[in-house]
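[1] Here is my input, please return the structure:
(one chain, ligands or ions: 1)
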Amino acid sequence: MAKQGLDRARSGALRLLAGVRDGLSLSDQAGALKALPPADQARAGRLAAEVLRHQSRADAVIAAYVSRKPNPQVADILRLAAVEMLELGAAAHGVVDAAVSLSRGLGQKGQAASGMVNAVLRKVAAHNGWAGLPPQPMPSWLRESVVSAHGETVAQAIEAAHQAAAPLDLTPKPGVTVEGAQELPTGSLRLHGPVQVSALPGFAAGDWWVQDAAAALPVRLLDPRPGERIADLCAAPGGKTLQLAAAGARVTAVDVSPARLRRVAENLTRCGLSADVVAADALEWRPDAAPDAILLDAPCSATGTIRRHPDLPFLRDGSGIPVLTQLQARLIDHALSLLPPGGRMVYAVCSLLPDEGEIQIAAALSRHPGLAVVPPALPGIDPSWITPEGGLRSRPDHWSDLGGMDGFFMARLRKAG
Ligand SMILES: C[S@@+](CC[C@H](N)C(=O)[O-])C[C@H]1O[C@@H](n2cnc3c(N)ncnc32)[C@H](O)[C@@H]1O
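    The predicted structure follows:
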């Protein structure tokens, strides 16, 4: 039975990897395996993610033993088997047999390749030096920007962090603890290892929500107070809306996507919190009364989340960045126009690209005379994360001994008085 489940998970993982090759993200494919039992779906997702995290290393090992490049489906079978044996420590005989059957299942070409799959994987199983292979490099459009901002050593440290799966972080309501969770210096709770979120204590009661430790910082930087009117622009799926509402603020959560806003509403209901949820283009939305403060968590390249989304480097080529940076600048300008004089706003992006973070804020300061950055004074952050312009830059290689954090840039802005 266990073997059958594992075989189903392997087939599922290959289907997900084929989907990524066709341009679909792993989350776009959430329903693709719904015919499988939930445990097999989860395992398929984990296997596909591991292959994507280690693809360049698996390819380097396989290349040493193949005489010519296999077709994409066979290549995925070889990669999956290599990662299972060399990274996940699975026993070679079971993995090789499964890979041979998967290859045979591909039809005539797969039948023809199955002998090669068997021979190559036997050599891969005996390969020495996996641990010494460098982590998968970031795609060049991202890597060049990271190296130019932080240097080669940091780029390598970020790549090492991408290779490690991210732990599960929770943002608790005030005073809540979760048994077995580690409390992080900034107040988030962290659980290591595979965890079924809905089975954790406090899930049904809505005592906490899933949110990376770095993603929890923009709201802490905004410092919402009870009763304040806060506009949460670009709010879905709502982790920051929940934080604002839990702090007692009167929140209007605006997002252009009605489908994503349904998740905000579900999250609010589960956690027993409330906010006005508005489906609108934030560039056009204008409230009747000026908000006291704004959180603008702008759409971005999401390059700070690669350790949670290892498919991202395979789906993007960097060509969308200029459109995103233009949209971010327009969102900043419109959001500032909604604030009263002296009002505060936090701008945040889950991006490693300075164009979407540091450079975006420098440009906003030059467009808006009197606009100022208020440097962060938050418990638990390392002073080295504060940028020369007064923003906060988190990177996946930060807190490497604790399990890392997503890459974010955020800045607290004060409109001219
Ligand atoms: C980074 S996500 C926001 C994450 C969210 N703040 C949270 O903490 O869960 C960016 C969001 O911006 C939304 N978005 C993109 N363009 C928008 C626009 N013009 N107006 C409003 N929302 C927009 C997307 O639908 C997406 O949900």
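
[2] Just give me the neighbour total for Asp28.
    Asp28 is flanked by 13 other residues according to other CB atoms under 10 Å. (Each C-beta comes from the backbone N, C-alpha and C, glycine too.)

[3] Let me know the secondary structure of it.
    coil (DSSP: H, G, I helix; E, B strand; the rest coil).

[4] So Arg57 belongs to a helix, correct?
    Yes: under three-state DSSP, Arg57 falls within a helix.

[5] Could you pick out the residues of this structure near the ligand for me?
    With CB under 6 Å from any ligand atom as the criterion, the chain meets the ligand at residues 234-240, 254-257, 260, 281-283, 297, 299, 350.

[6] Try it again at 5 Å.
    Residues of the chain lying close to the ligand (CB under 5 Å from any ligand atom) are 234, 236-240, 255-257, 260, 281-282, 297, 299.

[7] Which two of those residues have the greatest separation?
    Gly239 and Asp281 (21.2 Å; CB to CB).

[8] low-scoring stretches of this protein, by residue?
    1 (pLDDT under 70).

[9] Mark out where each domain of it begins and ends.
    Partitioning the chain according to automatic domain parsing yields domains covering residues 2-125, 168-414.

[10] Give me the neighbour count for Ala164.
    As a burial measure, Ala164 scores 14 neighbours (other CB under 10 Å).

[11] again, but for the one 4 residues further on
    Here the neighbour count serves as a burial measure; for Leu168 (other CB under 10 Å) it reads 20.

[12] Residue numbering should commence at 9 henceforth.
    All right, first residue 9 from here; so that's Leu176.

[13] what's the closest non-adjacent residue to the residue in the stretch 59-208 of the chain that the ligand sits nearest to?
    Proximity of the stretch 59-208 of the chain to the ligand (CB to the nearest ligand atom) peaks at Thr179, 10.1 Å away. Among residues not flanking Thr179 along the chain, Gln219 sits closest, at 4.4 Å (CB to CB, 6 or more residues apart in numbering).

[14] likewise Ala100?
    Residue nearest to Ala100 in three dimensions, not counting chain neighbours: Ala133, with 3.7 Å by CB to CB, 6+ apart.

[15] How about His342?
    Leu291 (5.3 Å).

[16] Ok, Ser196 next?
    Closest residue to Ser196 in three dimensions, ignoring its sequence neighbours and counting by CB to CB, 6+ apart: Ala221, at 4.0 Å.

[17] Quick one: the strands in the stretch 59-208 of the chain, in order.
    Using DSSP state E, counting those that start in this stretch, the strands of the stretch 59-208 of the chain run over 176-180, 190-191, 197-199.

[18] What pairs with the shortest one, parallel or antiparallel?
    Counting by DSSP bridges, the strands paired with strand 190-191 are strand 197-199 (antiparallel).

[19] and the very next helix or strand once past the partner strand, how far from the chain's centre?
    Next along the chain after strand 197-199, taking DSSP states H and E as the criterion, comes strand 216-218. Remark: strand 216-218 is offset 15 Å from the chain centroid, using CA atoms, centre = their mean, to the nearest Å.

[20] Which strands or helices does strand 216-218 pack on?
    Secondary structure elements in contact with strand 216-218, counted by 3 or more CB pairs under 8 Å, 6 or more residues apart in numbering; DSSP states H and E, are strand 176-180, helix 247-254, helix 266-279.

[21] For stretch 411-425, list the C-alpha coordinates in CSV.
    What follows is stretch 411-425, C-alpha atoms only, in CSV (Å, rounded to 0.1, in the frame of the first residue of the first chain):
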residue,chain,number,x,y,z
GLY,A,411,15.9,28.6,9.1
GLY,A,412,16.0,31.8,7.1
MET,A,413,13.2,34.3,6.1
ASP,A,414,11.7,35.5,2.9
GLY,A,415,13.3,38.4,1.0
PHE,A,416,11.4,41.7,1.5
PHE,A,417,12.0,45.4,1.2
MET,A,418,9.8,47.7,3.2
ALA,A,419,9.9,51.4,4.1
ARG,A,420,7.8,53.5,6.4
LEU,A,421,7.1,56.8,4.7
ARG,A,422,5.8,60.1,6.3
LYS,A,423,3.9,62.4,3.9
ALA,A,424,4.9,66.1,4.1
GLY,A,425,3.0,67.9,6.9
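
[22] what residues are up against Asp177?
    Applying CB atoms under 8 Å, 6 or more residues apart in numbering to Asp177 gives the contacts 192, 196-199, 218-221, 223-224.

[23] ok so, going back, which one's more surrounded, Gly247 and Asp289?
    The neighbour count for Gly247 versus Asp289, taken as other CB under 10 Å, is higher for Gly247 (20 against 11).

[24] who touches the residue nearest to the more buried one when sequence neighbours are not counted in this structure?
    Spatially, and ignoring its direct neighbours in sequence, Gly247 is nearest to Gln219 (4.0 Å; CB to CB, 6+ apart). If you count contacts by CB under 8 Å, 6+ apart, Gln219 has them with 177-179, 196, 247-248, 250-251.

[25] again, 10 Å this time
    Contact analysis of Gln219 by CB atoms under 10 Å, 6 or more residues apart in numbering lists 176-179, 196, 227, 245-248, 250-251, 414.

[26] picking up where we left off before, the contacts of Asp177: which two are farthest apart?
    Taking CB to CB, no two of the contacts of Asp177 sit farther apart than Leu199 and Ala223, at 15.8 Å.

[27] Of these two, which one has the most company?
    More crowded of Leu199 and Ala223, by other CB under 10 Å: Ala223, with 25 against 19.

[28] can you pull the contacts of that one?
    Contacts of Ala223 by CB under 10 Å, 6+ apart are 177, 179, 196, 247-248, 251, 305, 312-313, 356, 358, 402, 413-414, 416, 418.

[29] Can you report how many residues neighbour Leu24?
    Leu24, neighbours per other CB under 10 Å, totals 27.

[30] Report the spatially closest residue to it, excluding sequence-adjacent ones.
    Nearest non-adjacent residue to Leu24, counting by CB to CB, 6+ apart: Ala56, 4.0 Å away.

[31] Quick check: that neighbour touching Asp84?
    Yes: Ala56 is within contact range of Asp84, at 9.2 Å (criterion: CB atoms under 10 Å).

[32] joint contacts of those two?
    Counting by CB under 10 Å, 6+ apart, the residues touching both Ala56 and Asp84 are 21-26, 28.
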